[in-house]
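Q: Structure here, sequence nowhere to be found:
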């Protein structure tokens with residue numbers, strides 16, 4: 001709150017709390033400078049509000065821009081996956097001496113994309129459940145195959161093979177600190 005200049009009577013004396021130092025009890029004149037200060041303060045407050053709104057608008061625009069960039073990247077990945085699935089389905093059909101109709105290939109591509117999307121969500125949830133929000137481990141991937149025992153077995157085998165191929169120097173070994181037992185010495 002701003003300190004206001006004291007109001008003055010018609011004689012020019014300052015008034016404080018309604019008592020008049022002059023003998024004439026004249027009505028109070030409003031000081032024009034006080035009004036101008038109030039108007040300037042209101043304008044500054046409006047400018048502050050406008051600046052805050054502009055900052056909010058800029059933050060919202062930046063968030064929208066990030067969202068659009070992520071959506072564009074997701075669309076690009078989806079298109080690349082679909083093209084790859086279409087190539088694979090067409091090649092496998094040719095190997096088998098069959099021609100696969102375009103609607104069937106498109107349906108297979110969509111199914112592969114939706115399956116990959118669901119797999120990614122499941123892996124993310126398993127990682128979050130384990131208390132890891134930024135990293136996914138092989139065990140999370142294996143858990144996504146919990147309904148398919150054969151696939152789960154293949155993933156475990158693949159995981160062991162990967163661990164076997166990894167050089168010993170790069171393996172992360174958890175070294176446990178030796179336990180310190182309280183030694184009792186009898187004298």
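A: Cool, the structure landed. Note that the coordinates shown come from a computational prediction; the quantities given were computed from them, not determined experimentally.

Q: State the next helix or strand along the chain beyond the helix ranked longest in the chain.
A: Using DSSP state H, we find that the single longest helix of the chain is helix 32-95. Counting by DSSP states H and E, the element after helix 32-95 in chain order, helix or strand, is helix 102-129.

Q: Checking residue 146 next. Helix, strand or coil?
A: Using DSSP: H, G, I helix; E, B strand; the rest coil, the structure places residue 146 in coil.

Q: What's the separation between it and residue 93?
A: To residue 93, residue 146 is 32 Å away according to CB to CB, to the nearest Å. From N, CA and C alone the C-beta is placed, and that goes for glycine too.

Q: Looking only at neighbour counts, state which of these two leads.
A: It is residue 93, of residue 146 and residue 93, that has more neighbours when counted by other CB atoms under 10 Å, with 15 against 11.

Q: Next one, pLDDT for residue 96 please.
A: At residue 96, the pLDDT value in this model is 94.

Q: For the chain, give me the ranges with low pLDDT.
A: The model of the chain has pLDDT under 70 over residues 1-50, 168-187.

Q: so what does the longest helix of the chain touch, helix or strand wise?
A: Counting contacts by 3 or more CB pairs under 8 Å, 6 or more residues apart in numbering; DSSP states H and E, helix 32-95 packs against helix 102-129.

Q: Return the set of buried residues in the helix it packs on.
A: 105, 108, 109, 112, 113, 122, 123, 126, 127 (16 or more other CB atoms under 10 Å).

Q: show me what contacts residue 83?
A: Taking CB atoms under 8 Å, 6 or more residues apart in numbering, we find residue 83 in contact with no residue.

Q: what's stretch 106-122 in contact with?
A: By CB under 8 Å, 6+ apart, stretch 106-122 touches 78, 81, 82, 85, 86, 89, 143, 144.

Q: so the last one sits right up against residue 123, yeah?
A: Meaning residue 144. Yes. Residue 144 lies in contact with residue 123 (CB atoms under 8 Å); the separation is 5.6 Å.

Q: any idea how far residue 66 is from residue 124?
A: 19 Å.

Q: Leaving aside the residues adjacent along the chain, what's closest to residue 136?
A: residue 127 (4.8 Å; CB to CB, 6 or more residues apart in numbering).

Q: repeat for residue 142
A: residue 155 (4.7 Å).

Q: was I right about the one you found contacting residue 145?
A: Yes. In terms of CB under 8 Å, residue 155 counts as a neighbour of residue 145; the distance is 5.6 Å.
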